[in-house]
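**Student:** Predicted structure and sequence below. I'll ask about it afterward.
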Amino acid sequence: MKGRTFANAGDIVASCLYTEEGNDSIISEWLVALRAMHGSRAGVIALVAEQSKALVPKLQQAATEAGLALVGGVFPRVIVEDSFRPDGVVLIGMMHMPDYILHGDLNSENGVRRAVSALRDLVEPQQAKTTLFMIFDGLFDRIASLLEELFYEVGTTCKYAGVCGGSETFQPLPCVFDTSRLVADGVIAFLLPNNPGGRLEHGYIVPEQALIASSTTGNRVSQIDWQPAFDRYRQLVAEHYGERITHQNFYQFGVHYPFALIRGENEILIRIPVAVVDDGSLLCIGEIPQGALLTVAKAVLPGSTDTVVKLGNSYKATNAPQGMFFYCAGRRMHLGESAACSELLELSRFLPSQPLYGALTLGEIGQSQPGGYPLFHNAAIVAIPLNSDE
């Protein structure tokens, strides 16, 4: 496939392009046409597949030559209609480029504080009905803490949504960029005006038993109910689901039986454990607060379409003619082929008037309710409506 242009999508998104790596001329021609049609205020959101990360400097050069602003991220794969593509780039042409910031060095001293200040300054001058969309480096392990600080300062001035980029191998990878910079350990954020906020669903279920995360540090769980975390985790999975987990098969099973953090009003946050430390601690994607109530969730069954039907109904209520769609890499790992042939295919059938485009992610951000607290999730599907009239 040399390139693919999707239909005009209204008064915010001008057009979209998916193209495989090696089609530099198609990208340049498309950018020039976008500038010619919509002028210097236009811009581009780029979602680049990890396998095609060498495209980033070429995109930066082409955008600079076309006189267009560029923001984006590198992700494990990109979504095009009902498939996860391992290479290429999705380009979303914006008629009016949103205000944005790119902030690096999140793990440096006062890095979170500086990022929160920059995000607050981005949001504060804006009017209501604005969504702050963020792309984080997936290896930054204090996203939940940053969101908490941000909400304390910004509150309900805006709605919140976002995702995490990077490598599915969890190796360091510069993954957020604008027209001139490509950084690791950072966040790029932009504003979507007149936007009702993202829609997020995971559909995981949990048993009634809840335990205490009795010793944690960031995304590392040392003890559950004052027992070594790995030992207690194995017991829970055996008791509830009949599976025997060892150090050797842990990575194979962790994605199928993640932790569920139990919050007020039955809000469930999924945390996928990805590694066992020598001392019996577990490393997860995302923070787990000390003293949190948790249990082990059972992931959605292959072939189920309940989650995407719920997501699709919520998304359709916004009347958006186009959107961005993001899908958790851990969810895809759990479901295997069913992730595409059941969930993506069903979602594309549910929204026949608009092709799906987006990316595979390492974490997702959504709100518990409209106007509510921004929360960091694993195992979720996110839909970001564009041009909504809600």
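**Tutor:** Good, I have the coordinates.
**Student:** May I see the buried residues of stretch 346-360?
**Tutor:** For stretch 346-360, a neighbour-count test (16 or more other Cβ atoms under 10 Å) marks 346-348, 350-351, 354-360 as buried. (C-beta placed from N, C-alpha, C; glycine too.)
**Student:** my bad, should have said stretch 82-90
**Tutor:** Buried-residue list, stretch 82-90, by 16+ other Cβ under 10 Å: 82, 84-85, 87-90.
**Student:** picking that back up, now, the buried residues of stretch 346-360 that are in strands?
**Tutor:** Here DSSP state E is the test, and those give 357-360 as lying in strands.
**Student:** Tabulate the residues you listed (a markdown table), appending pLDDT and distance to Pro302.
**Tutor:** Converted to a markdown table, those look like this (pLDDT from 0 to 100; distance: Cβ to Cβ, whole Å):
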| residue | pLDDT | distance to Pro302 |
| --- | --- | --- |
| Tyr357 | 92 | 24 |
| Gly358 | 96 | 21 |
| Ala359 | 97 | 22 |
| Leu360 | 97 | 17 |
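**Student:** Need the residues you listed in JSON lines (columns: distance to Ile135).
**Tutor:** What follows is these, written out as JSON lines (distance: Cβ to Cβ, whole Å):
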{"residue": "Tyr357", "distance to Ile135": "15"}
{"residue": "Gly358", "distance to Ile135": "12"}
{"residue": "Ala359", "distance to Ile135": "9"}
{"residue": "Leu360", "distance to Ile135": "13"}
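**Student:** Specify which member of those is nearest to Arg271.
**Tutor:** Leu360 (18.3 Å; Cβ to Cβ).
**Student:** ok, the closest one touching Val78?
**Tutor:** Yes: at 7.3 Å, Leu360 counts as touching Val78 under the criterion of Cβ atoms under 8 Å.
**Student:** Need the residues touching each of these two.
**Tutor:** By the contact definition Cβ atoms under 8 Å, 6 or more residues apart in numbering, Leu360 and Val78 are jointly contacted by Phe84.
**Student:** Can you name the residues bridging to the most centrally placed residue in the chain?
**Tutor:** Residue closest to the average C-alpha location in the chain (Cα atoms, centre = their mean): Val163, at 2.2 Å. Val163 forms beta bridges with Ile135, Glu364, as assigned by DSSP bridges.
**Student:** list the contacts for it?
**Tutor:** Contacts for Val163 were tallied using Cβ under 8 Å, 6+ apart; they are 73, 75, 134-136, 326, 359, 361-365, 382.
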